[in-house]
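[1] starting from these lines, generate the structure:
(chains A and B)
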Amino acid sequence: MQGQRTQGGPDSADPIIEARNVCVTYDLEHRDAMVLDDVSIDLRRGEILGVVGESGSGKSMLANAMMDAVEEPGITTGEVTYHPEDGGEPVDVLDLSTEKLKEFRWEEVSMVFQGALSSFNPTMSIRGHFEETLAAHDYDVEAGMDRARQLLSDLYLDPDRVLDSYAHELSGGMSQRALIALSLILEPQVLLMDEPTAALDLLMQRSILSLLADIKEKYDLTILFITHDLPLVAGLADRLAILYAFELAEVGTATQIAHDSKHPYTRALLQAVPNLDAPTDSMRPIEGTAPNPAHVPEGCHYAPRCPLATRECHEETPPWVDVEDDHRSACFHYDEAEDAVPFDLSEVSDA
Amino acid sequence: MSDRATTTGTTRDDDDIVMSLENVSVDFEKEQGVVESLFDEPETVQAVSDVSIDIPENDVLALVGESGCGKTTLGKTIIGVQRPTDGTVSYRGQDVWDAKDGRGDVTVPFDDIRRSLQMIHQDPGAALNPNRKVLTTLEAPLKKWDPEMSTEDRRARIFALLDRVGMEPPEDYAHRFPHQLSGGEQQRIALVRALLMNPDVILADEAVSALDVSLRVETMNLLLELQEQFNTSFVFISHNLSNARYLAQEAGGRIGIMYLGEIVEIGPPDEVLNDPQHPYTKVLRWATADLDPTAQEMTDPPVRSIDIPDPVNPPSGCRFHTRCPEAREACTTTAPELGEEAATANERCAACHRTDPDHDYWESEPLDGVEAAESPTLND
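    Alright, predicted model coming up:
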């Protein structure tokens, strides 16, 4: 499975989390199910990295693997290295003891899931959640609560009202914002967000995204934003990573991916997304269906659906190719993708 | 747009109109505890407030709005599943709820009406019985409504429809259980079940939202094909402007924007979306992400409050005035009208004082947080 991927490495100057050859497998009775296959990517200090994939593409696994939170019986292999600020000792995340991992998870890297209602304890007030978290990590509760109030008002919430409420008394958008505030209470460096806005209305989604951009600046955060919604994250993210069927297909800056993608899957995905400005006849579905984890095809996982697939694609894992500075594509036919799957964003947006 | 004062658009022949809603309101009572119910009147939430709308044959109406705006309740009222508190709902001239209750001369029996109005749900997995094979699920409505039909005929009809929605070979799919189908395939089974009754109107409530991005266009294309083949009208409910626009545009239908129980703007998608008149429509447009990262800046939300007010006490006057970036004193007292022609017209209508250049609005004071006054601008 692990092909030689010498070209086009993920290396970057100042990574905060380095993931190398990360695999997550489930050992089923008859065969192994691979839900994350040899993913190498850097999360760079101070960036917002958008990870885009359809449901079941392994995108949540990537975030879970980054904080060693893959649930049993999933097995995470590979390397995840965390580089603390100011040149501290790098941390091997997959090797941390349970105790150290607990500290690492809230104080260095924090995670926000979709559906805030299920993240909050229904019998505890929002204030209780903040206080419990501060106390469990031996933080000064009073100073911490001042910070909580500040965070809540940064997220356009009325701190006193929200702190006194229970999760079910808040609207979906409000409890999701309260959850983001809670995740930042111990001043983490990195925020991993798994579809944090998926269950919310359009207007609330965009509002939260614009708040995130402000919060990131104010608190100097690095954000990994996982979503199935490419347009949603395109304007927020500095870089985008496209996952297809448990492996990375393409990584580049948001502009490179949206304007100049060199991977047939990314291009097909761009074509398939209903877009307000595009002429409706330019939207095309992707033929076929994504493979299931127990029957992942040999070679390139996208090959069975790809118009460019040749015998090579069905047999070998495609190498990473640096198509441009900071833009890599895992495709044998990256230079033909543009002609095979025509998609011109400038045409689409001007229409 | 230039002369909207003079025309009410192309009104259709009354014969073509399948469903007609007149001044429909739907109230819900909030649940109360035992003690509360002894002392207090139950609080009521008006889910739909004074809506009039017609659904012609072979048409698409896409309803868009935030959650809690009443779009699902309105959709259910249109297909005669939800009884309105006020107003009338009629199917080809027959009052649906009179037919149900047996009031007056019933020209169309309620059973016929019921069969002509079908629904597909958001989560196809939950809409299909997990213990039944696809075939059993699909046979049930035919057995109920046409018990005389022979088994061969019934199966032939089901297989033909499965074939038509692209599930080949149909015999294979018919003998599967729902968990053996993908989400897109499950949704197609739900669609086939609705189509077996040859309905006039199908309510598709967030029918593509749960599907993967790459499947949405495919599923909407299928809806469009079926609409053409079967002459079915769709009421398509979505919180996603892009999906609603795709379907309404391709079908030549209308898009209706809802806010707190009211339709605030309605019309052909290109007019509503490319040149929105209601400030709320503009806000929804802002909320719809552009695919081009260079074109979208992360600007602050163009509303004065990002949370929806409590629907139990909707704001006075225009219900949007508490969040509207353009609200003035006049908006807090008088509610703007959508106009009577909005129910049928194929022309855009918006319920906002700003569409009337002579309205008192222009003379009144802007509310707190609203940018300085501007003068009325006529549409060019």
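
[2] going forward, measure contacts and count neighbours with C-alpha atoms only.
    Noted.

[3] residue contacts, the residue most central in space within chain A?
    What sits nearest the mean C-alpha location of chain A, by CA atoms, centre = their mean, is A:I226, with 2.9 Å. Residues near A:I226 by CA atoms under 8 Å, 6 or more residues apart in numbering or on different chains: A:50-52, A:59-60, A:63, A:192-196.

[4] quick one: the helices in the stretch 1-150 of chain A, in order.
    A:59-66, A:98-103, A:116-119, A:126-136, A:141-154 (DSSP state H, counting those that start in this stretch).

[5] just the stretch 151-300 of chain A next, same as before
    A:159-163, A:172-183, A:202-219, A:230-234, A:254-260, A:264-272.

[6] flag every residue of chain B that's near chain A.
    Residues of chain B lying close to chain A by CA under 8 Å from any CA of the partner chain are B:66-67, B:212-218, B:239-243, B:245-246, B:249-250, B:283-284, B:286-301, B:306-307.

[7] in helices only, show me those.
    B:213-218, B:241-243, B:245-246, B:249-250, B:283-284, B:286-287 (DSSP state H).

[8] quick check on the residues you listed: which are buried?
    When these are checked for burial by 16 or more other CA atoms under 10 Å in any protein chain shown, the buried set is B:213-218, B:241-243, B:245-246, B:249, B:283-284, B:286-287.

[9] poorly predicted segments of chain A, please.
    Residues of chain A that meet the criterion pLDDT under 70 lie in A:1-9, A:29-31, A:347-351.

[10] spell out which residues make up each domain of it.
    A:11-237, A:245-351 (automatic domain parsing).

[11] and the first one, how far out from the chain's middle?
    When you say that, I think you mean domain A:11-237. Counting by CA atoms, centre = their mean, to the nearest Å, domain A:11-237 is centred 9 Å from the centre of its parent chain.

[12] what about that domain, start to end distance?
    Taking CA to CA, to the nearest Å, the first and last residues of domain A:11-237 lie 19 Å apart.

[13] one step back: with distance to B:L273 as extra columns, can I get the domains of chain A in TSV?
    Formatted as TSV, these follow (distance: least, CA to CA, whole Å):
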stretch	distance to B:L273
domain A:11-237	15
domain A:245-351	8
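
[14] of these, which approaches B:S25 most closely?
    Set against B:S25 and scored by CA to CA, the domains of chain A come closest in domain A:11-237, at 23.9 Å.

[15] quick one: A:C313 is in a helix?
    Yes: according to DSSP: H, G, I helix; E, B strand; the rest coil, A:C313 belongs to a helix.

[16] which residue ranges of the chain form strands?
    By default, I'm working from chain A. Taking DSSP state E, the strands of chain A run over residues A:15-27, A:32-44, A:48-52, A:75-82, A:91-92, A:109-112, A:190-194, A:222-227, A:239-244, A:247-253, A:320-324, A:327-330.

[17] not what I meant, chain B
    B:17-29, B:44-56, B:60-64, B:86-91, B:94-95, B:117-120, B:201-205, B:233-238, B:254-259, B:262-267, B:349-350.

[18] any idea which of the ones you listed gets closest to B:D368?
    Using CA to CA as the measure, strand B:254-259 is the one of the strands of chain B that comes nearest B:D368, at 21.4 Å.

[19] relative to strand B:44-56, how tilted is that closest one?
    170 degrees (axes from the mean of the first three to the mean of the last three CA atoms, to 10 degrees).

[20] tell me the mean pLDDT for strand B:254-259?
    Strand B:254-259 shows an average pLDDT of 95 in the prediction.

[21] packing partners for that strand?
    Here strand B:254-259 touches strand B:60-64, helix B:241-251, strand B:262-267, helix B:269-274, going by 3 or more CA pairs under 8 Å, 6 or more residues apart in numbering or on different chains; DSSP states H and E.

[22] tilt between the second one and helix A:202-219?
    Compare the direction of helix B:241-251 with that of helix A:202-219 by the same axes, to 10 degrees and you get 150 degrees.

[23] show me what contacts A:D238?
    A:47-50, A:253-254.

[24] mind redoing it with 6 Å?
    A:D238 makes contacts with A:48, A:253-254, as judged by CA atoms under 6 Å, 6 or more residues apart in numbering or on different chains.

[25] most neighbours, which of those residues?
    Using other CA atoms under 10 Å in any protein chain shown as the neighbour criterion, A:A254 leads these with 27 neighbours.

[26] that one against A:L236, yeah?
    No: if you go by CA atoms under 6 Å, A:A254 and A:L236 don't touch, sitting 8.7 Å apart.

[27] leaving out chain neighbours, which residue sits closest to residue 205?
    Here I'm looking at chain A. A:T197 (5.4 Å; CA to CA, 6 or more residues apart in numbering or on different chains).

[28] if you could check chain B rather than the one you did, that'd help
    B:I237 (4.8 Å).

[29] do the same with B:D123
    According to CA to CA, 6+ apart, the nearest residue to B:D123 is B:A210 (6.5 Å).

[30] count of neighbours near that neighbour?
    15.

[31] tell me how far it lies from B:Q186.
    For B:A210 relative to B:Q186 (CA to CA), the value is 11 Å.

[32] circling back: between the strands of chain A, which one is nearest to A:H168?
    Proximity to A:H168, assessed across the strands of chain A by CA to CA, is greatest for strand A:109-112 (17.8 Å).

[33] packing partners of that closest one?
    strand A:190-194 (3 or more CA pairs under 6 Å, 6 or more residues apart in numbering or on different chains; DSSP states H and E).

[34] what residue ranges in the stretch 251-380 of chain B score low on pLDDT?
    In the stretch 251-380 of chain B, residues with pLDDT under 70: B:296, B:345, B:372-380.

[35] give me that answer again for 50
    B:377-380 (pLDDT under 50).

[36] hmm, back to that, need the winner for burial among the helices and strands packed on strand B:254-259.
    Among the helices and strands packed on strand B:254-259, ranked by average contacts under mean count of other CA atoms under 10 Å in any protein chain shown, first place goes to strand B:60-64 (a mean of 29).

[37] from the contact counts, what lies against it?
    Short answer (3+ CA pairs under 6 Å, 6+ apart): strand B:60-64 packs on strand B:233-238, strand B:254-259.

[38] and for the nearest residue to A:K59 once chain neighbours are set aside, the neighbour number?
    Leaving aside its chain neighbours, A:K59 sits nearest to A:G53 (6.2 Å; criterion: CA to CA, 6+ apart). Neighbours of A:G53 under the rule other CA under 10 Å: 28.

[39] wait, doesn't A:G53 sit right on A:L243?
    Yes: taking CA under 6 Å as the definition, A:G53 is a contact partner of A:L243 at 4.9 Å.

[40] with mean neighbour count and distance to A:D335 as extra columns, can I get the helices of the stretch 1-150 of chain A in CSV?
    Supplementary listing: those in CSV, determined by neighbours: other CA atoms under 10 Å in any protein chain shown; distance: least, CA to CA, whole Å:
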stretch, mean neighbour count, distance to A:D335
helix A:59-66, 24, 26
helix A:98-103, 12, 43
helix A:116-119, 16, 43
helix A:126-136, 18, 51
helix A:141-154, 17, 45
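
[41] closest to the centroid, which residue in chain B?
    B:L63 (3.3 Å).
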